[in-house]
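S.K.: coords below, sequence missing:
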């Protein structure tokens, strides 16, 4: 074959050597005809505004006009559990990475030293979405031009420090620059929502809260009664029994809605649902108030409350999001020393068909109800989730979550889901991140991979080009907007 | 790269705009060299007769010379649970789609209105095998030339109505036109087989019954004793205890064989097998005759009967088909209002290794025995089913079933199964459909995808071209014929 | 499209007809640009020495200078459970294949007849890794030039016989020719290690033992007390209770280490781990010494001993290998007639997240500890194993095992594992084979597939070419060396 066409085809690829640049065709299949279509589709969606209906950005970062992104280590390393876990897996300790300890033991305070430890090990992220997001942020947002490693660490640190001090890199300026049309945060049900009230007052009503009541449902958790006390206070309703508990939850949902909330979010290890009699729910609740709940009590109560939250969703129109299958804090010692969300959450196999049946038999065909399902168990995509989404009017399937928010994760999702569920029973994309500055990079990977997947469908004669164009826009923004009724 | 080759490579692709045509290269990978081989292979199998050893076409459709395919809505929408489920998932009701209700509630009788509702939502099927089959039927069988949507709905309805009234579109004429070499229906064990006797009398002996005894095994079902009464009547054997029950089943199998049956079919939620003592089997059966069976009884009895049916297969040579893992009628309300098979069946995870062990230890190496396994749990392909088929002489692995009878489903099947089981331990293709007019479209997708997969093996130096040619024919027809001993 | 480029691209492909040759581009994707990069990468690793840290070659084959590979049937057919299972699945019996019976029944002794039965059915291995390895051995090692089938069987048998009689085909000469840098065997904990002592004495210290204590942990096995007696004898420590048992195991580990062992190996059906109190462990052990252990006792004891072996690994530095999920001897009759390891082992679904938690909470962050995990349940790759390897410092993920040691198995592994675990938390490749002459062919497939996968990353702009070059070498040798601390 002609060597010119062979070498020509990866001209745009991420080059080696000193300059660090991103291939304009990254995430696209190498077949020239498919790539051509993918590029054309991508050109039409690349610059669409970002719609972010689920994420974990701290609202005060945008509510407080004086908030800053911090040092390079504070921005990229310390709060990012994707980064922490990979560095830990290769023998770095969280103390060395500047993560505050719970027990008063010292931890690294030198921001530059933390950055260096990360930069020296940046090769660990080869082939990972974290590596792709980081490269995209550094090159496209911060203008870095040399490859990050131990040798370049200090120079890049200096460059980032300069950039981060500039007004253009304040969170509010980035909010505009990123063209974020909507940004949902995730907030405890007992949150005062002060930050969101400030945002509203400042005219930033595109930033909205999401109602997350998990801590109020975990009746066997040591701090559950503290949470209930907070609920009483913030709702202005004395929670003394199950009916007042339900009443207070409903009041909080109203408060969230008043600040623009579109959705609730529920995290469970298993999506088991089961309607209890009101008598049993009441007895479980009273036992919890006495501090006598067992793990079995908590599991039954959670199964019941998922149906109860579905009932509330029918009534107030908040979209229910269900994230199942993460065994949190797998490494007990880590949690005791540093707290939760430090990278030691490990998925488990998740059964959806039998577990969701009671909830879906109650509300799955109710036109007022909508539930979006998120899984960490990819074997359930084609076996359970696509069939459920492809039948129940209320069910949509959320995008690839967490570990699967990646180039291959997205491809598997499209290949395993669409044929059975159809694209119109999916909920588009959300970035699910607390790393504000990484939001555009994450949406960009989704847009690229979805355009490449559509291009593959066109090449195989399974979609017409004008259908693909329509679907590219839907995947970028439309499906998510419709899913959350925005 | 040269733009001519880039745009040239999807010339044949399904075009946009007014004319609706199918790419002659649909389902083929875009790589030109691979596509070239795929085309060559496909040319050699495209026009081979259709061998259909498992399906659900109503035999009276062919036995009755006056039978017709009905209105466009009756042909394409009302009886097709693939279509119904997708439309339901987007908020259409079965009443609106003309599905008869069980409770006397009204349902749409206007065929054209039903068709319009479907046509307006045809975009929902983008990227689905249903969409591909439908397009293929409309374009290739009925000569439709414009894309189906709300705007074109009425014109296409008119066109279909004209076609369907023509003699060329009677089921018997289509049987010839489709070049169906063998067509197995699926028939209750208590069926009188009158339709099949008529077919035989009319010389249509290529249409054969398949023995399906599920309703006679479900000892806890409300109508089980009615089924047993029918069994007594049709077999001419008074079923009064377990031995007479077994005797009557054997008699029915003989009657099916006499009309050409090659196989039995068994649908279970779990493929658990366990040989009971004849004492216990008898006691379970007698409890059932008294109407006192529990769900646990039924599960034990089913596990036992699977082994008993394997024993019968050894003796009479009928091939045993086992379809496991569908939780039928997930949505109770739907079943109560419309009956079974309306699109609300959802798969569950399926364990094969431990569950089939008793049956396979008894008969898995018996040269008289053959069992073909069908799964809805793709995670079991490489983990359990390919290893089982790659060891036990009696075991073959059936083609991708139901939700997985799709372009990607077939690709995953080939990739996950062949390396461990080998192609010669698979059972070729069957269309498994009740939609008679869709049969050629379904076989065509299989033939295309299998040729494309073989082409990929050739391109990667893993098969010689003449091996691929031989295998393409085997995949199209040969493996299925051998599997069913036709 | 230009026909020249189309046909040109599979020039090197395995040709049909009389000559049998291997495509120099086998296992590479067909896209010309990707293939070009894959070739370049492969050229750099093709001839690197072979590092074989886990396998089952009988050490006496190399310790005994007079050992020979045997007849073609003894080399290729009789000892290879991959071959046996496929032939059995198509109705050949093990007696016909010359496998010695346990019960004194006759079995085929004519080596040429065995070979012919295999050769006539060589087409069964189309599309399987076994077929690829066999072709590679026959063509590249033995210089066979015509396709193997029933017609050529005798001529090829003659040719192989001539070759095998040559000094160049003695195991020790092949060891050099293969450029095996390290070869670990797997040895019972009670093995005298005489063969390994001979190897050491002969200067062949690149061949090392691996400590496998499974038979000493299976307290409910009929021969367990015999095993304990052997342990006492070989360790020189009278095993009379749990403490002396632990002491004897530690002594054996020291003996293995003294002969170069780098690792231990543990095979379990489920990777459940649970630390028992020393009181309970002692009581279970004493019950076992009295021959009174139940299956439940054995399961608890195994769960405990896995943690105890992890403790020992921390202390002596031997790397712990854990292979889970094979249900051995699924076909009881086969085992009774021929013994274990004849092709009837079938995988089961495997839970890692909850099961390994006690072990990993105890030692997963201990810098002295290393554990390499092997699964037969690919659904656990992205769900459980990659997340575990991507967090715990001690955990590495072993290469695709057994049925998944194949072209597609490797591709799935890379696609499912790397994005979450990163490549540096994987353990490179091992061939895991008892078929000494197949070792180069197996490493070659891995090197080809890994280079092709890296080329795909480059083409998609996800890795720079110089990163891919570095990783190709790591995948070929470096990762395995580091994993086993060689």
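M.R.: Thanks, I have the structure now. Here the structure is a predicted model, which means the values were calculated and not measured.

S.K.: residue A:276 and chain B: what is the separation?
M.R.: The gap separating residue A:276 from chain B is 19 Å, by Cβ to the nearest Cβ, to the nearest Å. Quick note: C-beta positions are derived from backbone N, CA and C, even for glycine.

S.K.: kindly report the same for residue A:345.
M.R.: If you go by Cβ to the nearest Cβ, the gap between residue A:345 and chain B works out to 22 Å.

S.K.: repeat that for residue A:171.
M.R.: Spatial separation of residue A:171 from chain B under the definition Cβ to the nearest Cβ is 38 Å.

S.K.: sec struct for residue A:124, please.
M.R.: Following DSSP: H, G, I helix; E, B strand; the rest coil, residue A:124 is assigned to helix.

S.K.: so who does it touch?
M.R.: Contacts of residue A:124 were listed using Cβ atoms under 8 Å, 6 or more residues apart in numbering or on different chains, and they are A:86, A:87, A:90, C:422, C:424.

S.K.: let's see 7 Å
M.R.: With contacts defined as Cβ atoms under 7 Å, 6 or more residues apart in numbering or on different chains, residue A:124 is in contact with A:86, A:90, C:422, C:424.

S.K.: apart from its chain neighbours, what residue comes closest to the third one?
M.R.: Pointing back at residue C:422 there. In space, not counting the residues next to it along the chain, residue C:422 is nearest to residue A:124; the distance is 5.2 Å by Cβ to Cβ, 6 or more residues apart in numbering or on different chains.

S.K.: in contact with residue A:168, which residues?
M.R.: Neighbour list for residue A:168: empty [criterion: Cβ under 7 Å, 6+ apart].

S.K.: what's the distance between the spatially closest residue to residue A:267 that is not a sequence neighbour and chain B?
M.R.: When the adjacent residues along the chain are set aside, residue A:267 lies closest to residue A:323, with 4.8 Å between them (Cβ to Cβ, 6+ apart). Distance, residue A:323 to chain B, using Cβ to the nearest Cβ: 20 Å.

S.K.: what's the neighbour count on residue A:323?
M.R.: 22 (other Cβ atoms under 10 Å in any protein chain shown).

S.K.: also residue A:480?
M.R.: Neighbour count of residue A:480, defined by other Cβ under 10 Å: 26.

S.K.: repeat that for residue A:104.
M.R.: Around residue A:104 there are 7 other residues, counting by other Cβ under 10 Å.

S.K.: what helix or strand is it located in?
M.R.: With elements taken from DSSP states H and E, nothing contains residue A:104; it lies in neither a helix nor a strand.

S.K.: which residues touch stretch A:428-441?
M.R.: Among residues not part of stretch A:428-441, those counted as contacts by Cβ under 7 Å, 6+ apart are A:50, A:52-58, A:61, A:69, A:75, A:79-80, A:133, A:136-137, A:141, A:171, A:174, A:178, A:180, A:399, A:401-402, A:405, A:442-443, A:446, A:475, A:479-480, A:483.

S.K.: end to end, how far does it reach?
M.R.: End-to-end distance of stretch A:428-441: 16 Å, with Cα to Cα, to the nearest Å as the criterion.

S.K.: how far does it sit from the chain's center?
M.R.: Using Cα atoms, centre = their mean, to the nearest Å, the distance from the centre of stretch A:428-441 to the centre of the chain it belongs to is 7 Å.

S.K.: one more: stretch A:305-317?
M.R.: With Cα atoms, centre = their mean, you get 22 Å for stretch A:305-317.

S.K.: residue contacts, the residue lying closest to residue A:481 once chain neighbours are set aside?
M.R.: Closest residue to residue A:481 in three dimensions, ignoring its sequence neighbours and counting by Cβ to Cβ, 6+ apart: residue A:51, at 5.9 Å. With Cβ under 7 Å, 6+ apart as the criterion, the residues that contact residue A:51 are A:181, A:182, A:477, A:480, A:481.

S.K.: in helices only, show me those.
M.R.: Members of the contacts of residue A:51 lying in helices (criterion: DSSP state H): A:480, A:481.

S.K.: take the contacts of residue A:51 and write them to TSV, including distance to residue B:154 and pLDDT.
M.R.: Supplementary listing: the contacts of residue A:51 in TSV, determined by distance: Cβ to Cβ, whole Å; pLDDT from 0 to 100:
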residue	distance to residue B:154	pLDDT
A:181	39	97
A:182	40	98
A:477	33	98
A:480	34	98
A:481	32	98
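
S.K.: residue B:376: which of the contacts of residue A:51 is nearest?
M.R.: residue A:480 (29.3 Å; Cβ to Cβ).

S.K.: name the nearest residue to that closest one, sequence neighbours excluded.
M.R.: Going by Cβ to Cβ, 6+ apart, residue A:480 has residue A:428 as its nearest residue, at 3.1 Å.

S.K.: where does the stretch 1-150 of chain A have low pLDDT?
M.R.: In the prediction, the stretch 1-150 of chain A carries residues with pLDDT under 70 at positions A:1-18.

S.K.: helices along that one, start to end?
M.R.: A:3-8, A:32-45, A:60-63, A:72-76, A:81-89, A:111-120, A:129-136 (DSSP state H, counting those that start in this stretch).

S.K.: from residue A:329, how far off is residue A:230?
M.R.: To residue A:329, residue A:230 is 22 Å away according to Cβ to Cβ, to the nearest Å.

S.K.: actually residue A:144, sorry about that
M.R.: Between residue A:144 and residue A:329 the distance is 34 Å, computed by Cβ to Cβ.

S.K.: before we move on, back to that, what sits opposite the residue nearest to residue A:481 in the beta ladder?
M.R.: Counting by DSSP bridges, residue A:51 forms beta bridges with residue A:182.

S.K.: tell me which parts of the stretch 251-400 of chain A are close to chain B?
M.R.: A:351, A:353-354, A:357, A:360-361, A:364-365, A:367, A:379, A:382-384, A:387-393 (Cβ under 7 Å from any Cβ of the partner chain).

S.K.: just to revisit the earlier point, SS state for the residue nearest to residue A:267?
M.R.: The three-state assignment at residue A:323 reads strand, by three-state DSSP.

S.K.: just residue A:243 next, same as before
M.R.: Residue A:243 is classified as helix under three-state DSSP.

S.K.: buried members of the contacts of stretch A:428-441 into ChimeraX, please.
M.R.: Selecting just the buried residues from the contacts of stretch A:428-441 in ChimeraX takes one command, with 16 or more other Cβ atoms under 10 Å in any protein chain shown as the test:
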select /A:50,52,53,54,55,56,57,58,61,69,75,79,80,133,136,137,141,171,174,178,180,399,401,402,405,442,443,446,475,479,480,483
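
S.K.: I appreciate the help and will end here.
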